[in-house]
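A.B. asks: Requesting a structural model of the entry that follows:
(one chain, ligands or ions: 1)
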Amino acid sequence: MIETVTGLADLRARVDAWKRTGLRVGLVPTMGNLHAGHHSLVELARGRVDRVVASVFVNPTQFGPHEDFARYPRTPEADAAGLDAAGADLLWLPSVETMYPYGPEATVQVRVPVVTGMLEGAHRPGHFDGVATVVARLFNQVQPDLAVFGRKDYQQLAVIRYLVRDLAFPVELVAAPILREADGLAMSSRNQYLSASERPVAAGIQRCLQAMRESMRAGVPRDQVEADAAKRLADEGFEVDYAVVRRPDLTEPGAGEGGPRVALVAAKLGRTRLIDNLEFEP
Ligand code: PAF
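C.D. replies: Residues are numbered from 1 along each chain as shown. Alright, predicted model coming up:
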């Protein structure tokens, strides 16, 4: 079974020993409650480095006051077994005290400007400060050569790219493809909150993203595509936070401008907030 370490000195000892013999180390940061999507991140890392550290830490600083930090599922045994099967070598399982020695409120914070003010950042104030803060800490703790993040959290990836470039972390970032259920629903720990009647409806997000792509390709103006998508989702029973088309850096493209695009949706179904995206060439 995979070895679990909970103290920084033990983590450093393991990683230093690997590095002294020239092994490359990868990190897969997670908040636990792992599913096949997370396991695929480990498998991706496994193919690129010699040793894989997976971290499981439910990070209090990235949850808003009305979000589900206390309710967030903790499944340590299943997580360890899944990481073991996926090929991780070490599970880094810090406590809140280990991650934030001065407490989450008194922590040194990392704030990423520019990419955090819109979309998820606008709907979840402070969320990306918490993500950037904990990812910077994880990079310092584990000192990985490479780190894998999923494309499903598209804006998070943009934030982490900015963080790595701006603070010159010597870490290669790898963006992993979105894993989907058979009906197209993006895999997420939140899917388990969907009721039996909501579950088939949830796959409508992926169909909507595909429709947005096809409309853009057919030359429908972006404003219209976004309005149509929001209406379609609302008609299906979603409460829509946003349904937009952006450049890959998340800025708004000009009319008639070429280049790659990403369609992004965030919408609530009942009490469950879902996000998804689709990258495409126009
Ligand atoms: O994507 C996640 O699970 C989290 O935001 C991350 C990157 C592990 C930071 O807590």
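
A.B. asks: alpha carbons only for contacts and neighbour counts from here, please
C.D. replies: OK.

A.B. asks: show me the contacts for whatever residue of the stretch 101-250 of the chain ends up closest to the ligand.
C.D. replies: Nearest to the ligand in the stretch 101-250 of the chain, going by C-alpha to the nearest ligand atom, is V131, at a distance of 4.9 Å. V131 makes contact with N59, T61, Q62, Q156 under the criterion C-alpha atoms under 8 Å, 6 or more residues apart in numbering.

A.B. asks: where exactly do the strands run in the stretch 151-282 of the chain?
C.D. replies: Here the stretch 151-282 of the chain has its strands, by DSSP state E, counting those that start in this stretch, at 172-176, 239-246, 261-269, 272-280.

A.B. asks: Mind putting those strands into CSV with mean pLDDT and mean neighbour count?
C.D. replies: Output for these, formatted as CSV (pLDDT from 0 to 100; neighbours: other C-alpha atoms under 10 Å):
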stretch, mean pLDDT, mean neighbour count
strand 172-176, 98, 17
strand 239-246, 98, 21
strand 261-269, 98, 22
strand 272-280, 97, 20
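
A.B. asks: Kindly indicate whether G26 is helix, strand or coil.
C.D. replies: Here G26 is recorded as strand under DSSP: H, G, I helix; E, B strand; the rest coil.

A.B. asks: Which strand residues bridge it?
C.D. replies: Counting by DSSP bridges, G26 is bridged to V52, L146.

A.B. asks: thought it was touching R51?
C.D. replies: Yes: with contacts counted by C-alpha atoms under 8 Å, G26 reaches R51, the gap being 6.2 Å.

A.B. asks: more neighbours, these two?
C.D. replies: G26 (30 against 21; other C-alpha atoms under 10 Å).

A.B. asks: I'd like the distance between the more buried one and L93.
C.D. replies: Using C-alpha to C-alpha, to the nearest Å, G26 is found at 16 Å from L93.

A.B. asks: tell me which element D79 falls in.
C.D. replies: Assessed by DSSP states H and E, D79 sits inside helix 76-86.

A.B. asks: Name the residues of that helix that are buried.
C.D. replies: Of all the residues in helix 76-86, those buried under the rule 16 or more other C-alpha atoms under 10 Å are D79, A80, G82, L83, D84, A86.

A.B. asks: what's the average pLDDT for it?
C.D. replies: Averaged across helix 76-86, pLDDT comes to 97.

A.B. asks: what residues does the next helix or strand after that helix touch?
C.D. replies: Next along the chain after helix 76-86, taking DSSP H and E as the criterion, comes strand 90-92. Residues outside strand 90-92 that contact it (C-alpha under 8 Å, 6+ apart): 2-6, 11, 52-56, 80, 83.

A.B. asks: Next: stretch 190-203.
C.D. replies: D183, G184, L185, E236, L269, G270, R271, T272, R273, L274.

A.B. asks: roughly how far apart are the residue lying closest to R217 once chain neighbours are set aside and R151?
C.D. replies: Ranked by C-alpha to C-alpha, 6 or more residues apart in numbering and with sequence neighbours excluded, the top spatial neighbour of R217 is P282, at 5.1 Å. Distance of P282 to R151, computed by C-alpha to C-alpha: 19 Å.

A.B. asks: and these two? which has more neighbours close in?
C.D. replies: Legend: neighbour count by other C-alpha under 10 Å for P282 and R151, higher for R151 (20 against 16).

A.B. asks: Name the member of the contacts of strand 90-92 with the most neighbours.
C.D. replies: The residue in the contacts of strand 90-92 with the most neighbours, by other C-alpha under 10 Å, is A54 (31 neighbours).

A.B. asks: Quick check: which element contains that one?
C.D. replies: Using DSSP H and E, A54 maps to strand 51-56.
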